[in-house]
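> Sequence first, predicted model second:
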Amino acid sequence: MRLDKYLSSVTRLTRSQAQRAIRQGRVRIADTVVKRPAMQLPPESAVTLDNEKLARPGLRYFMLNKPKGYVCSTHDKGHSSVLELLHEPVLEGLHFAGRLDIDTTGLVLITDDGAWSHRITSPRHEHPKTYLVTLAEPLSDNHAKRLSCGVLLHNEKTSTRPAELERLSESQIRLIITEGRYHQVKRMLAAVGNRVLVLHREAVSTLSLDTNLQPGMYRALTDQEIASVLRA
Ligand code: URA
């Protein structure tokens, strides 16, 4: 693909704005300034605009609506892998940008771009993850406050980061967390003496689960969606 076409597809720039940005020396490929808009971009090139990383051409990025009963792992003999839901000619290299438990449903991001998935999962970037949580017991105001402020999980030394909590009913909440500790949501609720009955992930970073995707279905991310995560 031509560099200017690629640039306008992954940013908000029009084709002519992209050409201008390239001629102005604002675009680098593998740290080298490139000033020729017609240049053919090698697959998987690391491209930046004004030092901001852009989505890599030639790599794959998907969102999937995970049903219950599937694991986010490639080698679990006893259970089906979420990867089995993908109808892709080659699965090699694909991995999860953040895992869900076998009984959790909702948004899973799958890619073969390790830098992109690291960006999402690295705690340093604090990408929010939004969960719809159905609880075994009604949540008291005091427990809601403790969850929002941060709770100490069993066997851990530091409290969870502050979370956003929205009450949807007596026993259903929307919880937004910016970490991805092991079984974090279930353990947060256990820390206040409650229990998660149903857990569904609605969003990760800038990406919300596409409501057209039935459980088990997936679609490729758009170039804008891929780039929006890198800008977040
Ligand atoms: N927190 C959990 O406890 N389980 C998940 O699947 C995701 C977040």
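That came through fine. Numbers count the residues shown, from 1 in each chain.
> the longest strand in this structure is where?
The longest strand of the chain (DSSP state E) is strand 196-204.
> same for it, what does it pack against?
Counting contacts by 3 or more Cβ pairs under 8 Å, 6 or more residues apart in numbering; DSSP states H and E, strand 196-204 is packed against strand 105-111, strand 129-135, helix 184-191. Where C-beta positions appear, they are placed from N, C-alpha and C, glycine not excepted.
> Quick one: residues contacting the spatially closest residue to Thr105 that is not a sequence neighbour.
Nearest residue to Thr105 in three dimensions, chain neighbours excluded: His200, at 4.8 Å (Cβ to Cβ, 6 or more residues apart in numbering). Neighbouring residues of His200 by Cβ atoms under 8 Å, 6 or more residues apart in numbering: 104-106, 131-132.
> What about the ligand: which of those residues touch it?
Thr104 (Cβ under 6 Å from any ligand atom).
> Of the contacts of His200 - the most surrounded one?
Within these, most neighbours by other Cβ atoms under 10 Å means Tyr131, with 23 neighbours.
> Which strand residues bridge it?
Leu175, Arg201 (DSSP bridges).
> How confident is the prediction for it, by pLDDT?
Per-residue pLDDT puts Tyr131 at 98.
> That one reaches Arg174, doesn't it?
Yes. Tyr131 lies in contact with Arg174 (Cβ atoms under 8 Å); the separation is 7.2 Å.
> shared neighbours of the two, anything?
Glu202.
> Let me see the contact set for His19.
Quick fix: residue 19 is Gln, not His. Gln19 neighbours (Cβ under 8 Å, 6+ apart): 4, 37.
> Helix, strand or coil: sort out it for me.
Three-state call for Gln19 (DSSP: H, G, I helix; E, B strand; the rest coil): helix.
> Dump the contacts of His200 into JSON lines; add distance to Pro57 as well.
What follows is the contacts of His200, written out as JSON lines (distance: Cβ to Cβ, whole Å):
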{"residue": "Thr104", "distance to Pro57": "32"}
{"residue": "Thr105", "distance to Pro57": "32"}
{"residue": "Gly106", "distance to Pro57": "29"}
{"residue": "Tyr131", "distance to Pro57": "33"}
{"residue": "Leu132", "distance to Pro57": "35"}
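> List phi and psi for the closest residue to Gln40 other than its chain neighbours.
Using Cβ to Cβ, 6+ apart and skipping residues adjacent in sequence, the residue nearest Gln40 is Arg2, 6.5 Å away. When read as degrees, to the nearest 10, the backbone of Arg2 gives phi -70, psi 150.
> Hmm, Ala38 and Arg2 touching each other?
Yes. With contacts counted by Cβ under 8 Å, Arg2 reaches Ala38, the gap being 5.6 Å.
> The two: which is more packed in?
Between Arg2 and Ala38, counting by other Cβ under 10 Å, Arg2 is the more crowded of the two (16 against 10).
> residue contacts, the more buried one?
Residues near Arg2 by Cβ under 8 Å, 6+ apart: 37-41.
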